[in-house]
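Chemist: test case, fold it:
(chains A and B, ligands or ions: 2)
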Amino acid sequence: MLRYQAALAKALRDELANDEAVFVIGEDVRESLRGVSRGLAAEFGEERVLDTPISEQAFTGFATGAALVGRRAVIEFQIPALLFIAFEQIVDQAHKLRLMTGGQASVPVTYLVPGSGARLGLAGQHSDNPYSYFVHAGVKTVLPATAHDAYGLFAAAIRDDDPVVVFAPAAVLGVRDEVPDDPYVVPLGSGRIHREGTDVTVVAVGHLVHDALALAEEVAGEISVEVFDPRTLYPFDWELLAESISRTGRLVVYDDANRSCGFAAEIVATAAEELPLVAPPRRVTRADAVVPFAVDLERAVLPSRAQLATAVRQTLREEARP
Amino acid sequence: MKELYRTMRVIRRFEERTVDLVNANEIAGVTHEYVGQEAVATGVCSVLRRDDAITSTHRGHGHLIAKGADVSRMFAELLGRVDGLNRARGGSMHIADLSIGVLGANGIVAAGAPHAAGAAWAFREAGTDRIAVTFFGDGGINQGVLLETFNLAALWRLPLVFICENNGYAVTLSAEHSTAGSMVDRAASYGMPAEAVDGMDVEAVAVSAGRAVARARAGEGPSFVECRTYRFFGHHTAERTMKLGYRTDEEIAHWRERDPLELAGARLEPAERAAIDQEVEALLDESLAFARASERPLAEDALAFNYAALEPRRGVAR
Ligand SMILES: Cc1ncc(C[n+]2csc(CCOP(=O)(O)OP(=O)(O)O)c2C)c(N)n1
Ligand SMILES: [Mg+2]
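Modeler: Ligands and ions are numbered 1, 2, ... in the order given. Predicted coordinates:
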């Protein structure tokens, strides 16, 4: 059994050992505040674990340049909001270079955010879950919910030849799970059904997978809830979701990101257009709000299990529109 | 000298023809011409090896030609043809040839600087003496990402050369009105050698850049060279229709007296120069004919090259 955070650390260590082209860059990565890269400088050398000045645009672009000439970079961002600073270098440079060069450029860079989302009291600038921006732009984006998937998806991201953003939800960094000793990958783009059910599919994102599983258990006597974890937000596993919806006919998306143009909106829209739903789909999301500091206020803008329960019941009461 | 003049002549005539092609709607969009600045790219790239890397700007045609790109494939790219360097996916502002170390022109001011830094680091880590050069303008020098890259490069003593092409303007804003202090002092404050050079004199540029490149190759870290130059044309091809008043005809005429091609051409025998001019014209005729004969890409391939192995989602439901 490994904690989520330790699974990330193991994946990084295994990939550094597996491929000499891999290097790590970020702020305080030699000491490693989150423990993801602790000890790696001593083991692999400081030239493969680079502490950088607080220059997000430059070190993000630096990784792109190194990748363009054959290296494979892993960047750690201390705070999810730092992605806003590096956004141009990720979305406009790294992501677009393959197409813009007509396939000449390959930019294998992994952007790791070990601690995404709100975690009580970190307030407006340290509580974001900015994955929808990357999904919108078509950047490969993963959000593992368990230590097992964190290992496999992080390893897959590092081996991938395109830029991949890996969000590790702050709320699950300490959660333990079975992680095999031998290296493995979870392929990007493959969803996972954590619990089978027949009445409604709940697509739960990141740490909310655990919450959805708890709700499924709570209501098990009454409602049969299928819990679907996309694991990769882009590319999304539409096939597995189609299969799930063909069994349940109902959909609720549970997503801790802003509502407007958020990840949940995309799932609901596509399901409405393409999947055999028998009732209108619903979503439970964050408010389109800045996360306030006081803990009660913070909770009030985040999606909750109670809201999920309500949405699930609502969708079961509703019938297909004529 | 013959070779330097020839390269500058190719750039000049490539750009003049490009303007005609844009005006004739054979090239879509706008392009940013390098006319007036030929000595900078030519001088700098003359001291580089094929396996060195450069990052270029929105005004990138000259850098590519000087680094040795095939002008036929450059024309094909601008015309949006499949034989273009970027298979018609990039166009003028993203034109690249990784096989000769051109990591790309860039539509975002100074955004290529950290790419050059990363490449320079990777070259050093691989135990080679390859180096990288990043080109940017007087406008670029006020971008945070460039200043961050100054720091990284100096701190880590990267084999990198910063070439600032000070052509006096960022679109309409003069360098005087955009930059506090001197550019050279700013770069020097990061602890790297910095100097200004006459960017209209290709040999002077080559000497200055040569020193910077030698330092980088010897593992002595980055340097900065400000090349004082001027663009003879508008910011881009569409400017001539805009009636902008940010500079005077007298100013342009004054700089044209120091046309880098004339300065270099005067150092050749007239017959030698005429022969080169003729040869360049033939090359460009041939290149343009090649580009025009190249196929246009198929609409059904519009989604190719977005990912290593993945089809992007389409805009219509399956
Ligand atoms: C970051 C950024 N801001 C603004 C623009 C729009 N823009 C394109 S070129 C340019 C001027 C750049 O001036 P300079 O760096 O001196 O290069 P020059 O055009 O003179 O070659 C501007 C403002 C841009 N492309 N990128
Ligand atoms: Mg300028």
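
Chemist: what helix or strand is A:G121 on?
Modeler: Secondary-structure assignment from DSSP states H and E places A:G121 in no helical or strand segment.

Chemist: what sits against whatever residue of the stretch 51-200 of chain B ends up closest to ligand 2?
Modeler: Nearest to ligand 2, among the residues of the stretch 51-200 of chain B, is B:G137, at 3.6 Å (CB to the ion). Where you see a C-beta, it was placed from the backbone N, CA and C, and this is true even at glycine. Taking CB atoms under 8 Å, 6 or more residues apart in numbering or on different chains as the criterion, B:G137 is in contact with B:57, B:59, B:109, B:164-167, B:170.

Chemist: what's around residue 98, how many residues?
Modeler: No chain specified, so I'll use chain A. The tally of other residues near A:R98 (other CB atoms under 10 Å in any protein chain shown) stands at 21.

Chemist: chain B, not that one
Modeler: B:L98 is flanked by 17 other residues according to other CB under 10 Å.

Chemist: please enumerate the strands of the stretch 151-300 of chain B.
Modeler: Along the stretch 151-300 of chain B, the segments classed as strands by DSSP state E, counting those that start in this stretch run B:160-166, B:169-170, B:173-174, B:194-198, B:223-228.

Chemist: now do the helices in the stretch 201-318 of chain B.
Modeler: Assigned by DSSP state H, counting those that start in this stretch, the stretch 201-318 of chain B shows helices spanning B:202-217, B:249-256, B:260-265, B:270-293.

Chemist: closest one to A:V278 among the ones you listed?
Modeler: Of all those, the one in closest proximity to A:V278, counting by CB to CB, is helix B:270-293 (56.6 Å).

Chemist: just to revisit the earlier point, got the strands of the stretch 151-300 of chain B as a markdown table, with mean pLDDT columns?
Modeler: Written out in a markdown table, the entries for the strands of the stretch 151-300 of chain B read as follows (pLDDT from 0 to 100):
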| stretch | mean pLDDT |
| --- | --- |
| strand B:160-166 | 98 |
| strand B:169-170 | 98 |
| strand B:173-174 | 96 |
| strand B:194-198 | 98 |
| strand B:223-228 | 98 |
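
Chemist: quick one on the thing from earlier: the helices of the stretch 201-318 of chain B into JSON lines, with extra columns for mean pLDDT?
Modeler: JSON lines is the format used below for the helices of the stretch 201-318 of chain B (pLDDT from 0 to 100):
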{"stretch": "helix B:202-217", "mean pLDDT": "98"}
{"stretch": "helix B:249-256", "mean pLDDT": "96"}
{"stretch": "helix B:260-265", "mean pLDDT": "98"}
{"stretch": "helix B:270-293", "mean pLDDT": "98"}
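
Chemist: let me have the ones you listed in JSON lines, extended by mean neighbour count and distance to chain A.
Modeler: JSON lines is the format used below for these (neighbours: other CB atoms under 10 Å in any protein chain shown; distance: least, CB to the nearest CB, whole Å):
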{"stretch": "helix B:202-217", "mean neighbour count": "20", "distance to chain A": "15"}
{"stretch": "helix B:249-256", "mean neighbour count": "12", "distance to chain A": "33"}
{"stretch": "helix B:260-265", "mean neighbour count": "21", "distance to chain A": "29"}
{"stretch": "helix B:270-293", "mean neighbour count": "15", "distance to chain A": "15"}
